[in-house]
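**Q** quick one, what's the 3D model for this:
(one chain, ligands or ions: 1)
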Amino acid sequence: MNLARSTTLAPGREAAIALMYGVSAFIASPVRVGIEAFSFAWHALLLFALLVAHTRAEPPLSMQQIAPGEYAHRAHDDIATRANKGDIANVGFIVGTRCVAVIDTGGTLAEGRALRQAVRQITPLPVCHVINTHMHPDHIFGNAAFVDDHPQFVGSVKLAQAEASRAENYLRALNRELGGIAEGSEIIGPTQTVDGTATLDLGDRPLTLRTWQTAHTNNDLTVYDEKSGTLWTGDLLFVRCIPVVDGSVVGWLDDIARIKQMNPRHVVPGHGPLDPPWQQSLEAEEQYLAELARDVREAIKRGATIQQAVDTVGLDQRDKWLLYEVYHRRNVTAAYAELEWEQ
Ligand SMILES: [Zn+2]
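**A** Have a look, this model is predicted:
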């Protein structure tokens, strides 16, 4: 699979050219040429002003073509910071003959706008669906950039409730972490929900959407592009970055077994490299979660407190995952709270 093709833009280049024309027309406008040159310069400057206004929009997000008509953005392997502008979740879009489906929109309105610009560079077709793979802020806060396109915002039947319960915290955290970069970011909930499976047709491009039992979150949804055999896993698959349990470790392990059965040709994970060797990546994730469940169950069985479990479980995983220090202890806590009810 060729991932080498990527698109970039030189925003404002047209504006600079227009300004050059304008200035040179002023310089070269002695009285003898008079009104004509002045008029030309005036129009050139007007054009410049218009282009500046236009290019104030975000430059397009860098995209990689992962299959014909299918584009993904490789995000930073990090938590949201002002340096990475909250661009920490892989996002993308798929183009049919009739319209475009966007899959996740990034961590801010600005990133959503940049993604929209990237779509516009590739195709004039309308955006008919904006799909959210789950509720987490790095996947949804760009939605507002697409409101004027009047798409269906698509998510799990459980997405709206999950977003509502976290909205206040998410917005507070976003503003704290990103300040002005997050300006205008808001939660735009689903207008079309999925419970089980659903098919979206973009015009000769059917996408199969599927919801899952509680795993990474209680509202995980995957997108399978039949044409290319690509499965967009959302955060059901983390590559290199440590998996984050915000749902159920038991449910997630069960989902992993089912994803293996789907046997996709390619995967786009929510975090980490695009189109990784998916069997290997899924197995690494499965191993982490299986050991987490096993060791937490053992800790509970021997009467360890939650703090003792946090201090002892999974220490050998430290060097295997990015962001281990940020999320591993939280995962142990979540697994403990889930698994102590099994006893
Ligand atoms: Zn997530």
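**Q** name the nearest residue to residue 300, ignoring sequence neighbours.
**A** Spatial nearest neighbour of residue 300, excluding adjacent residues (C-beta to C-beta, 6 or more residues apart in numbering): residue 340 at 5.3 Å. The way it works is simple: take the backbone N, C-alpha and C, and place the C-beta from them, glycine included.
**Q** residue 64 and residue 333: what is the separation?
**A** As judged by C-beta to C-beta, to the nearest Å, residue 64 and residue 333 stand 36 Å apart.
**Q** do residue 237 as well
**A** The value you get for residue 237 to residue 333, if C-beta to C-beta is used, is 22 Å.
**Q** which one's more surrounded, these two?
**A** The neighbour count for residue 237 versus residue 333, taken as other C-beta atoms under 10 Å, is higher for residue 237 (26 against 16).
**Q** this protein against the ion: which residues are in contact?
**A** 136, 235 (C-beta under 5 Å from the ion).
**Q** so which elements touch the strand or helix carrying residue 129?
**A** Taking DSSP states H and E as the definition, residue 129 sits inside strand 127-131. Here strand 127-131 touches strand 100-103, strand 152-156, going by 3 or more C-beta pairs under 8 Å, 6 or more residues apart in numbering; DSSP states H and E.
**Q** columns mean neighbour count on top of those strands, output as TSV?
**A** Formatted as TSV, these follow (neighbours: other C-beta atoms under 10 Å):
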stretch	mean neighbour count
strand 100-103	28
strand 152-156	23
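**Q** quick revisit: specify the angle between the strand holding residue 129 and strand 152-156 in degrees.
**A** 20 degrees (axes from the mean of the first three to the mean of the last three C-alpha atoms, to 10 degrees).
**Q** partners of strand 127-131, with directions?
**A** strand 100-103 (parallel), strand 152-156 (parallel) (DSSP bridges).
**Q** just the C-alphas of it, formatted as CSV.
**A** Presented in CSV, the C-alpha positions along strand 127-131 are these (Å, rounded to 0.1, in the frame of the first residue of the first chain):
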residue,chain,number,x,y,z
VAL,A,127,-19.9,15.9,2.8
CYS,A,128,-23.0,13.9,3.5
HIS,A,129,-21.8,12.1,6.7
VAL,A,130,-19.6,13.0,9.6
ILE,A,131,-19.0,9.8,11.6
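**Q** much appreciated, bye for now.
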